[in-house]
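In: what's the 3D shape of this:
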Amino acid sequence: MTAGREGRIAKRCLGLVLACAMVGANAIVAGQTQPPPGSPDARAEAEIRRLSAEEVQAFLQRDPGLLARLWSDDFVVTNPLNQLVTKAQVLEMVKSGVAAGRATREHRPLSSNR
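Out: Predicted coordinates for the structure are as follows:
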């Protein structure tokens, strides 16, 4: 396999990994116990859920500007070849369409408290 082909495969796999990680993170957060309504924990959780949903939408809509604002400057992910990929590299993949996701179903919280 050529180095160019390996790179393209790795980039496509990274896009899939990012999409799965975002969806998986939402499922994990949704399955946790709920803090009392109106408490500082409830407000913090609501903000985290809002930002998480915003991140998913930004990724699905290929909005690197919003992703850049949501992610810290030291944001890194590990690609399928076990290599660290920086925020700038991921944003470039989003811009080019290499790292792209698509919605397959509506998200519904797993918790029975909602």
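
In: how long is stretch 60-77 from one end to the other?
Out: 18 Å (Cα to Cα, to the nearest Å).

In: For it, list every residue counted as buried.
Out: Applying a neighbour-count criterion of 16 or more other Cβ atoms under 10 Å, one finds 62-64, 67-68, 71, 77 buried in stretch 60-77. For the C-beta atoms, the positions are set from N, CA and C on the backbone; glycine is no exception.

In: Quick check: of those, which lies closest to Leu51?
Out: Checking the buried residues of stretch 60-77 against Leu51 with Cβ to Cβ, the nearest one is Trp71 at 10.5 Å.

In: on that earlier part again, so which two of the buried residues of stretch 60-77 are the farthest from each other?
Out: By the measure Cβ to Cβ, Asp63 and Val77 form the most distant pair in the buried residues of stretch 60-77, at 17.4 Å.

In: still on that earlier bit, which of the buried residues of stretch 60-77 fall in strands?
Out: Val77 (DSSP state E).

In: Go through the buried residues of stretch 60-77 and flag which are in helices.
Out: Among the buried residues of stretch 60-77, DSSP state H puts 64, 67-68 in helices.

In: Rebuild these as JSON lines, extending it with pLDDT and distance to Ala88.
Out: Converted to JSON lines, those look like this (pLDDT from 0 to 100; distance: Cβ to Cβ, whole Å):
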{"residue": "Pro64", "pLDDT": "94", "distance to Ala88": "10"}
{"residue": "Leu67", "pLDDT": "95", "distance to Ala88": "11"}
{"residue": "Ala68", "pLDDT": "96", "distance to Ala88": "9"}
